[in-house]
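*Asks:* fold the following and give me the result.
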Amino acid sequence: MLYLSSNFCWPIWQKVVPDSKEAKEENPLDQHNVYFAEAHPNPTSNWSAKLLEVLHIPNLMHQDVPNVPLDYYTCQFKKSKLQRFLGSDDQENFFEDTQRHRILGEILSTTVYGKKKRAEIGIERLIDEHGFVAAFPLHSGNYEIPDASIEPELLNKRQVLHKYWARWGCWYKYQPLDHIREYFGEKIGIYFAWLGFYTAWLLPASVVGVLVFLYGFITFHSNIPANDVCDSGKEFKMCPVCDEDIGCEYWYLSDVCLFVRISYLFDHPGTVFYAVFVSFWGVSFLLWYKQTNVSRHHQERPRPDYAARAPEIKENPITGINEPYFDPGQRLPRILSGIAAIIIMCSLLVLLCFFFLLFSSEMHRTQTEFEDQLTFKVFIFQFVNFYSSIIYVAFFKGKVIGKKLKGYWHRFKTRLVKGGQVSRWEDDYELIENEGLFQEYLEMVLQFGFITIFVAAFPLAPLFALLNNWVEIRLDAHKFVCETRRPVAERAQDIGVWFTILESLAQLAVISNAFLIAFTSEFLPRLLYQYEYEWDLHGYTNFTLAVSPNNTLDETCRYRDFRDENGDHTMFYWKLLAIRLAFVIVFEHVVFGICRVIDIMVPDVPETLELKIKREHFLAKQALADTDTIMMMARRNDEDDADANLAPDVTSNA
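*Replies:* Below is the predicted model of the structure:
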């Protein structure tokens, strides 16, 4: 078995202490004005804390987490300038655990152990070939606190995360994002930062959704069209929903009284407003997140598997380093073959369904038995097809039941014969392998799509999403801290392609809500009727029911449409169609236009952050400048000062 040690390796980045005027007098570094000062806790900006402070309201979400990571200016590490970096005199603790893990993981992933032409490279390939059982970084110790009286500052990093983040009792507390990043790396830290940001934004959407739903209850009995339906009795005889020759019967509009009243809860002026609100909310959420998540990009190295399989080496135009290269023209056949494989698999699935229904029917004596068996088989198939994923998400995926069952099974398979004191790697080996963040992001992105694209159908969806996410944060935290192996810390500057997917969903939500309001809701037909006929909507129900043309059915009946006695569309129908199309166009342009203006007016990089980045670049150049260069600049400055002092005398003599 191989596990990652944290006692050696070299970092890519290291911390440089920021400068200050006070430090120039107390701690001069050298004679060339390169000065540094003490670090301070990471100054995280929290708008809710500031708002509660202004309103003089106690902040129940705040908690004092020990051992807050300090904030430094940073610059690229150079071994030749080691003495200029903070902590260079303490070689044992110079590098952070995540830096050690990352570099060692890079070494293990790129080391050739066989023939490179056969892609015999990297620890992952050895694990696939069962040369090794596992490779993972070790946790910093047990997450349980053996003694409750221990000082918080003496807790290890894992214990801090468990006590102040991964417990159910912390569900209403701020997440210690700096501690998460320090322990798991930037990639996982960004995920939880995004999840917390998204959950916070669900709060206003939930409040407005609840108010809209309550408005529907308050005005439930004052809905005149619904009252007309319920009080109509035998007045409106409706046409059969299918051919009357096969047994479909006539019915009365009052029979659907309850359905009409319930549908009003999800189709009233408030839900129309809410659909507009959520359209702006979704786009604004992404604009605001993009602005708050701005950070500097880094150049990623090629994947080890890509490096092993790439057929040629080519110079990177950015870094100037020779790297493995794969011609994009050769990628097209691979893409086409992948698409063909997907089409073939889908076709096989359709054929399997067809043969299941065709050949699984037995010889039944009566038609009733045949229909009963066919119904049962189709129901079983559709039940598994539609509900299996929902059942998995509801009861197993990331939830207590599914994590526990998976953990028990994993520990059963990986149980070790232990004797005496248990080592750290033995404990961590029995933990579940960390599967990354794909499923976590996927679940939240799908949720975002549901509450933005189809929110008009259920205004309480954001509220339930908010409650789910409060639980999800602690479940994911407990899973990463207590139940899975520690992942190799990965660097990241944002949530990656998921942001592009979220942007597409937000734009799709605007289009979807526009069409829902225009063509599904009764909002525009009622509004046009109020404008042209009766503002209080009296007679609207009768107006929306057309009369069946002569000689089409055995009896005269009504059906829902805007048609005359000959079955032709009325002028009201064409006016309504024009208004619907115009509404869709205007709605989309207004929402996208306003959001575009906001995007232009609000800079992607805040001025304070841009200033800090420039300041960091300046300090990095100063800190790592060559001594000869500094001496030359100092002599040049001295010569310029001397020339300036002599200039007045020369002028006066002239």
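
*Asks:* how far out from the middle of the chain is stretch 107-119?
*Replies:* Going by Cα atoms, centre = their mean, to the nearest Å, the spacing between the C-alpha centre of stretch 107-119 and its chain's C-alpha centre is 34 Å.

*Asks:* state the mean pLDDT of it.
*Replies:* The average pLDDT for stretch 107-119 rounds to 79.

*Asks:* can you get me a residue count around L611?
*Replies:* Applying other Cβ atoms under 10 Å, we find 11 residues neighbouring L611. All C-beta spots, glycine's among them, are computed from the backbone N, C-alpha and C.

*Asks:* show me what the one helix or strand it maps to is packed against.
*Replies:* Assessed by DSSP states H and E, L611 sits inside helix 607-624. For helix 607-624, the elements it packs on are strand 13-16, strand 73-76, judged by 3 or more Cβ pairs under 8 Å, 6 or more residues apart in numbering; DSSP states H and E.

*Asks:* L619 touches C75, doesn't it?
*Replies:* Yes. Here L619 reaches C75: they are 7.4 Å apart, a contact under Cβ atoms under 8 Å.

*Asks:* ok, back up a step: mean pLDDT for the helices and strands packed on helix 607-624: which is lowest?
*Replies:* Going by mean pLDDT, the lowest-scoring of the helices and strands packed on helix 607-624 is strand 13-16, which has a mean of 46.

*Asks:* find the nearest non-adjacent residue to Q530, please.
*Replies:* Counting by Cβ to Cβ, 6 or more residues apart in numbering, L537 is the residue found nearest to Q530 once chain neighbours are left out, at 6.5 Å.

*Asks:* got it, and V584?
*Replies:* Using Cβ to Cβ, 6+ apart, the closest residue to V584 is A514 (4.5 Å).

*Asks:* and the helix holding L611, how far out from the chain middle?
*Replies:* Taking the mean C-alpha point of helix 607-624 and that of its whole chain, the gap between them comes to 30 Å (Cα atoms, centre = their mean).

*Asks:* quick check, the residue nearest to V584 in contact with E588.
*Replies:* Yes. Between A514 and E588 there is a contact at 5.6 Å, judged by Cβ under 8 Å.

*Asks:* verify the contact between F592 and V510 for me.
*Replies:* Yes. Between F592 and V510 there is a contact at 6.8 Å, judged by Cβ under 8 Å.

*Asks:* so what sits against both of the two?
*Replies:* With contacts taken as Cβ atoms under 8 Å, 6 or more residues apart in numbering, F592 and V510 have V283 as neighbours in common.

*Asks:* neighbour count for these two, which is higher?
*Replies:* Per other Cβ under 10 Å, whichever of F592 and V510 has more neighbours is V510, with 23 against 15.

*Asks:* quick one: what helix or strand has that one in it?
*Replies:* V510 is located in helix 497-515, with elements delineated by DSSP H and E.

*Asks:* where does the stretch 201-350 of the chain have low pLDDT?
*Replies:* For the stretch 201-350 of the chain, the stretches flagged by pLDDT under 70 are 294-330.

*Asks:* do a quick rundown of the helices in it.
*Replies:* Counting by DSSP state H, counting those that start in this stretch, the segments of the stretch 201-350 of the chain that form helices are 224-230, 257-264, 269-292, 304-309, 328-359.

*Asks:* angle of the third one against helix 257-264?
*Replies:* Between helix 269-292 and helix 257-264, the angle formed by their directions is 30 degrees, by axes from the mean of the first three to the mean of the last three Cα atoms, to 10 degrees.

*Asks:* could you name the helices and strands sitting against helix 269-292?
*Replies:* Secondary structure elements in contact with helix 269-292, counted by 3+ Cβ pairs under 8 Å, 6+ apart, are helix 186-218, helix 438-453, helix 497-515, helix 571-601.

*Asks:* 10 Å instead, please
*Replies:* helix 186-218, helix 438-453, helix 461-478, helix 497-515, helix 523-532, helix 571-601 (3 or more Cβ pairs under 10 Å, 6 or more residues apart in numbering; DSSP states H and E).

*Asks:* swap in the last one?
*Replies:* If contacts are counted by 3+ Cβ pairs under 10 Å, 6+ apart, helix 328-359 sits against helix 367-391.

*Asks:* neighbours around the closest residue to E490 other than its chain neighbours, how many?
*Replies:* By the measure of Cβ to Cβ, 6+ apart, the closest residue to E490 outside its immediate chain neighbours is K187, 4.1 Å from it. Here the count is done by other Cβ under 10 Å, and K187 has 19 residues near it.

*Asks:* got the contact list for K187?
*Replies:* By Cβ atoms under 10 Å, 6 or more residues apart in numbering, the contact set of K187 is R181, G436, L437, P487, V488, A489, E490, R491, A492, Q493, I495, G496.

*Asks:* OK, contacts around the fourth one?
*Replies:* Read that as P487. With the criterion set at Cβ under 10 Å, 6+ apart, P487 makes contact with 101, 105, 136-137, 184-185, 187-188, 433-437, 480.

*Asks:* list buried residues within those.
*Replies:* Members of those that pass the buried threshold by neighbour count (16 or more other Cβ atoms under 10 Å) are listed as H101, G105, F136, P137, F184, G185, K187, I188, N434, L437, F480.

*Asks:* ok, those vs V160, which is closest?
*Replies:* F184 (12.6 Å; Cβ to Cβ).

*Asks:* and stretch 158-176, how far from the chain's centre?
*Replies:* With Cα atoms, centre = their mean as the basis, the mean position of stretch 158-176 lies at 21 Å from the chain mean.

*Asks:* what comes up buried for that stretch?
*Replies:* Counting neighbours by 16+ other Cβ under 10 Å, one finds that the buried residues in stretch 158-176 are 158-167, 170, 173-176.

*Asks:* sorry, back to before: just give me the closest of the contacts of P487 to L286.
*Replies:* Compare each of those with L286 using Cβ to Cβ and the shortest gap goes to L437, at 18.8 Å.

*Asks:* what is the burial count for the nearest residue to the closest one once chain neighbours are set aside?
*Replies:* Leaving aside its sequence neighbours, L437 sits nearest to Y191 (Cβ to Cβ, 6+ apart; 5.2 Å). Applying other Cβ under 10 Å, we find 22 residues neighbouring Y191.

*Asks:* ok, Y191 touching E472?
*Replies:* No. When contacts are counted by Cβ atoms under 10 Å, Y191 is not listed as touching E472 (11.4 Å).

*Asks:* hey, what's in contact with both of those two?
*Replies:* E440, M444.

*Asks:* so how far is Q63 from R102?
*Replies:* Relative to Q63, R102 is positioned 29 Å away (Cβ to Cβ, to the nearest Å).

*Asks:* kindly report the same for F220.
*Replies:* Spatial separation of F220 from Q63 under the definition Cβ to Cβ is 43 Å.

*Asks:* with P525 instead?
*Replies:* Between P525 and Q63 the computed distance is 53 Å (Cβ to Cβ).

*Asks:* also Y174?
*Replies:* Summarising the geometry, the distance separating Y174 from Q63, computed by Cβ to Cβ, is 7 Å.

*Asks:* now A457
*Replies:* Taking Cβ to Cβ as the criterion, A457 is separated from Q63 by 38 Å.
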